[in-house]
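> With the input below, show me the fold.
(chains A, B and C)
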Amino acid sequence: MSAIRSVTVPPAPPPWIVAWVVLCLLALPVKVLGEIRVTDDAGREVHLAKPAQRIVSLSPHLTEILFHVGAGEQVVGTVSFSDFPAAAGRLPVVGSAGQLDLERILALEPDLVVAWQSGNPSRQVTRLEQLGLTVYYSEPRRLADLADTLEQLARLTGVPESGAARAEALRQGVRALTAQYAHRPQVPLFYQIWDKPLMTINDEHIIGELIGLCGGHNLFGELPALVPRLGPEAVLAADPEVIVGGGSGEDNRAWVDDWRRWQDLTAVQRDNLFFIPPSLIQRQTPRILEGAALLCEQLEQARQRRPESGR
Amino acid sequence: MNRLGIILAVLFIAALLVMGLSLGLGSVALSPGDVWAVVTGGGEPLQRALILELRLPRTLAAFATGGLLAVAGALMQVLLRNPLADPYVLGISGGAAVGALLSMLAGLATVLVSGAAFAGALLSTLLVFGLAHGTGSWTPVRLLLTGVVVAAGWGALISFLLAVSPGAQLPGMLYWLMGDLSHASHPGPALIVLLLAVLLAWPLGRSLNVLARGSLQAAALGVSVRPLEWTVYLLAAALTASAVTLAGTVGFVGLIVPHMLRLVLGNDQRIILPAAALAGGILLTLADTLARTVIAPQQLPVGVITAMLGVPVFLYLLHRSR
Amino acid sequence: MDTPLLRLEQVVIHVPGRAGGSPLDFAVQPGECWGILGPNGAGKTTLLHTLAGLRSARAGHVVLAGKRLGELHRRSVARELALVFQDHHDGFPATVLETALIGRHPFLRPWDMESARDMALARAALARVDLVGLESRLVGTLSGGERQRLAIASALTQDPRLLLLDEPLSHLDLHHQVAVLDIVRERVNSSCAAMMSLHDVNLAARHCDHVLLLYPDGNACWGPTEEMLLLPVLERLYGQKLVTGEVDGVPVFMAAGGALDGS
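Down below sits the predicted model:
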């Protein structure tokens, strides 16, 4: 190349440079679009050749998560009671979480099945694996696991950035709540998850983690069972400062209000009977942050109602 | 008469003791002094709440249920001339269960669940009544077969309902099916039914003794067999329906208690029926106390305890009767 | 002519599968002892159950102490007559004394407990059938003969004016057979009446003053013993060649070898 060139038209790049550039450009996506490998909550490695395009979700909360990370379009089937977001309600149903319709699942020809380890019948899901389907087992017990799930499912479905962002948002939200509430004065409470029979949760449950995050103390946290069944006597004896519970519907306060018949309970006297819609807290989805925020505010209200707080 | 008086007096005292025990035990430890204080009008508010509003209705409900089932079982065993009959053999419990489970699925309040259970029991009674009547000859074997078929039908429905219910509903349904006193309230009507039934059945006692020997024999001795059999059937149905409405389908009590009493006291229904009312109540109150306390604060449904106690007791009875 | 204890007015008993039979029309007076004879399946049990009011007749009326059976309450019937069954079913265990006491049931109101008199009657009945000392034994542990005697004791406790007995001598040894027949004779002599179905023609010949012969095809005939118990009649009844003799002035019949037609 001589220094003296005509200046009117810059010379076209030599073809081989173009070829290299194009190859390099092509190579990048090839690297990103290569095999996807994640480790699921059962400790197994799940790998897909390319992001999943036809996903069947075996739990309402997993459906919600898939939509949340931006993979909603790729979900082709889900189980009953998958009602959030609204689009999920229009998906084909493949049975209930407790009893799957294997034929329907196979008919949908999914390239990824997202299963709920403790909620789906293991024999049926194993059968799906034997039939050649790729299964990802999910079982988030802690909020950190939930964030990881967001990322992993996002990677499996080809939206890793979106997933990472959502996961980070979740972690941020958890950190914010922790910073604000975790070190507040402890509030002894009773969390009621079901009415007949009367059931609560222990510290290993994800709701137990939320309680700790909000500066609460689950009076039954140390019981061995994850979801112990109690009698009202035990609650009366424990005399919690706060009673929080769900209901048989999104706005049915009946279970919580029923405690008013025990006039001598501290929680009743201070009107610390709080209701949290079950879908915001009893599902392991990112909306659990909303439930957590609600819980933390309710506990803060309870602190304000303490006689020594001066109000 | 003396013998009956002595037996009833002993059972009555035992009943009071057992009820006192039930009032004193629970998730929260209370001393006998506390119980006495509350019963006589004093005591701290928490203790009063525990004893008067939680334990007392539950104790009375357990007593009523046990008595109802034991008397119903005794009556059924005479009616069917079969010492292995229990109150549920004619399908009454199945109908009640379907009523209860349906109303649980529909999310109805507890009061309506009990009402639906009672309605289901009545429906089943009428169904068996109608079917057995329709076939004409109303022998115990025919009645038993009709009842067994109807019970099987209800069983199929129950399995179906359990299969299609959302997971969250299942524990509640299963507890009801096993027999659970944790939500029994208003034991009053059940106790009244028990008392009235015993008062009504007692004068029929000797006729029942005769009936137990066979319907031809009974007719030859002046018993109006058909009206008596219908009366006994309806009475047993009412007792069973009341029990099941209160506590779900508690097993074994209706089978074991009349049996044990017959081994000890002989076969005179005039003694067995009132004794069954008391003994059944005592047994179930004890079982429920255990269910509430054995893994406290966790709760077991009382049906678990009656089954676990019932099987060895029954084996022992079989062994004795050889 | 005092009122007969039992009157059969053109009674045809209902045997399923059998077209009809001769209408029975006779009266049983106090002091009479009737024997019912016939081969198996002739309807002896059915007849006794019909007379006791446990089955309906196909035609005709049974009149007990002047009233039709259909119009009487079961209780009243049970006070007048007692039926000793052929088979004894004991569903639930009961003691011998309790079983004997059952006979008092028709006389007790629902609230009554058994009185001393009732107990005495029961014990006397047990003594009469030679079951003293076994009062607290369970019925299921009795021998066939003891059970049979107990059934008779229950009937005695009922103290009825008419005694209906369905093959009362089965399972009994000779000694007790005679004893039971003596009991029946005793009651008949104290202005009661008895009707019993028997397999043994000779016992009927000795102990019954009237006999009723039931044929398998539904035919029947009846009358005083000496008129009815004739060789050709009995041979036709049982379809069996018989030989006859006489003991103590009473005819005795025994089966002979060979078929009825002489071959």
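> The closest residue to A:R283 other than its chain neighbours: neighbouring residues, count only.
What sits nearest to A:R283 in space, not counting adjacent residues and going by Cβ to Cβ, 6 or more residues apart in numbering or on different chains, is A:H61, at 4.4 Å. C-beta coordinates here come from the backbone N, C-alpha and C atoms, glycine included. For A:H61, the count of nearby residues is 26 (other Cβ atoms under 10 Å in any protein chain shown).
> A:H61: helix or strand, and which one exactly?
Applying DSSP states H and E as the criterion places A:H61 in helix A:60-68.
> looking only at pLDDT, what's the mean for that helix?
For helix A:60-68, the mean per-residue pLDDT is 94.
> what about C:L24, how many residues close to it?
When counting by other Cβ under 10 Å, one arrives at 22 neighbours for C:L24.
> What residues does it make contact with?
C:L8, C:Q10, C:V11, C:V12, C:I13, C:L47, C:G60, C:L212, C:A220, C:W222 (Cβ atoms under 8 Å, 6 or more residues apart in numbering or on different chains).
> ok, the fourth one touching C:G60?
Yes. Under the contact definition of Cβ atoms under 8 Å, C:V12 touches C:G60, with a separation of 5.7 Å.
> Counting neighbours, go ahead and name the busier of those two.
Between C:V12 and C:G60, counted using other Cβ under 10 Å, C:V12 has the larger neighbour count: 19 against 16.
> partner residues bridging the more buried one?
Counting by DSSP bridges, C:V12 forms beta bridges with C:A59.
> Low-confidence stretches in chain C?
For chain C, residues meeting the criterion pLDDT under 70 lie at C:1-2, C:258-263.
> Look at the residue positioned nearest the centre of it and tell me its secondary structure.
Residue closest to the average C-alpha location in chain C (Cα atoms, centre = their mean): C:L165, at 1.9 Å. With DSSP: H, G, I helix; E, B strand; the rest coil as the basis, C:L165 sits in strand.
> Is stretch B:244-264 positioned near chain C?
Yes. Figure legend: stretch B:244-264 in contact with chain C (Cβ under 8 Å from any Cβ of the partner chain); contacting residues B:R262.
> How far does that stretch sit from its chain's centre?
Centroid separation for stretch B:244-264 versus its chain: 6 Å, with Cα atoms, centre = their mean, to the nearest Å.
> pLDDT averaged over that stretch - what is it?
Throughout stretch B:244-264, pLDDT has a mean value of 90.
> near chain A, anything from that stretch?
No. Stretch B:244-264 does not reach chain A (Cβ under 8 Å from any Cβ); its nearest approach is 11.1 Å.
> in that stretch, what's buried?
B:244-262 (16 or more other Cβ atoms under 10 Å in any protein chain shown).
> How about residue 180, nearest residue that isn't a chain neighbour?
Picking chain A for this. Once flanking residues are discounted, A:Q180 sits nearest to A:C296: 7.1 Å by Cβ to Cβ, 6+ apart.
> sorry, should have said chain B
B:P301 (4.0 Å).
> Around that neighbour, how many other residues sit close by?
Other residues near B:P301 number 25, with proximity taken as other Cβ under 10 Å.
> Distance check, A:R171 against A:E151.
Using Cβ to Cβ, to the nearest Å, one gets 10 Å for the distance from A:R171 to A:E151.
> whoops, B:L290 was the one
Between B:L290 and A:E151 the computed distance is 50 Å (Cβ to Cβ).
> mind listing what whatever residue of the stretch 201-311 of chain A ends up closest to chain B touches?
Residue nearest to chain B within the stretch 201-311 of chain A: A:A234 (3.6 Å; Cβ to the nearest Cβ). Contacts of A:A234 were listed using Cβ under 8 Å, 6+ apart, and they are A:F220, B:S27, B:V28, B:A296, B:P297.
> Also A:L289?
If a contact means Cβ under 8 Å, 6+ apart, then A:L289 has A:L170, A:G173, A:V174, A:L177 as its contacts.
> ditto for A:V46
A:R37, A:V38, A:T39, A:D40, A:T134, A:V135, A:Y136, A:L156 are the contacts of A:V46 under Cβ under 8 Å, 6+ apart.
> picking up where we left off before, please pick the buried ones from the contacts of C:L24.
The neighbour-count criterion (16+ other Cβ under 10 Å) marks C:L8, C:V11, C:V12, C:I13, C:L47, C:G60, C:L212, C:A220, C:W222 among the contacts of C:L24 as buried.
> Tell me which helix or strand the first one sits in.
With secondary structure defined by DSSP H and E, C:L8 is part of strand C:6-12.
> where does that strand sit relative to the chain's centre, distance-wise?
17 Å.
> what's the answer for stretch B:110-130, then?
Computed by Cα atoms, centre = their mean, the separation of stretch B:110-130 from the middle of its chain amounts to 15 Å.
> Residues touching that stretch, excluding its own?
Contact with stretch B:110-130 is made by A:196, B:90-100, B:102-104, B:108, B:143, B:146-147, B:150, B:154, B:183, B:185, B:233-234, B:237, B:240-242, B:244-246, as judged by Cβ under 8 Å, 6+ apart.
> of these, buried ones?
A:196, B:90-100, B:102-104, B:143, B:146-147, B:150, B:154, B:183, B:233, B:237, B:240-242, B:244-246.
> Residue numbers of the stretch 151-263 of chain C in contact with chain B?
C:Q158.
> in the stretch 151-263 of chain C, what residue is nearest chain A?
Nearest to chain A, among the residues of the stretch 151-263 of chain C, is C:S154, at 55.2 Å (Cβ to the nearest Cβ).
> How about the secondary structure of the closest residue to that residue other than its chain neighbours?
Leaving aside its sequence neighbours, C:S154 sits nearest to C:G103 (Cβ to Cβ, 6+ apart; 4.5 Å). Following three-state DSSP, C:G103 is assigned to helix.
> Show the contacting residues for C:G103.
Neighbouring residues of C:G103 by Cβ under 8 Å, 6+ apart: B:L221, C:A82, C:L121, C:A122, C:A125, C:A153, C:S154, C:A155, C:L156, C:T157, C:Q158, C:D159.
> Which one of those is nearest to B:T306?
Here the nearest of the contacts of C:G103 to B:T306, counting by Cβ to Cβ, is B:L221; it sits at 37.2 Å.
> Can you give me the distance of the closest one to C:S154?
Counting by Cβ to Cβ - B:L221 and C:S154 are separated by 9 Å.
> So between those two, which is more surrounded?
C:S154 (29 against 24).
> lowest-confidence helix or strand of chain B?
Across the helices and strands of chain B, mean confidence by mean pLDDT, DSSP states H and E is lowest for helix B:45-48: a mean of 79.
> Does the next helix or strand after that helix reach chain A?
Of the helices and strands lying after helix B:45-48 in sequence (DSSP H and E), the nearest is helix B:56-79. No. Using Cβ under 8 Å from any Cβ, helix B:56-79 stays clear of chain A, with a minimum separation of 9.0 Å.
> Tell me which helix or strand C:L48 sits in.
Counting by DSSP H and E, C:L48 is found in helix C:44-51.
> Need the contact partners of that helix.
Under the criterion Cβ under 8 Å, 6+ apart, residues B:216, C:6, C:8, C:11, C:13-15, C:24, C:36, C:38, C:55-57, C:62, C:81, C:83, C:86, C:164-167, C:195, C:197, C:214 lie in contact with helix C:44-51.
> The residue nearest to A:P92 when sequence neighbours are not counted: what secondary structure?
For A:P92, ignoring the flanking residues on the chain, the nearest one in space by Cβ to Cβ, 6+ apart is A:G77 at 4.8 Å. Using three-state DSSP, the structure places A:G77 in strand.
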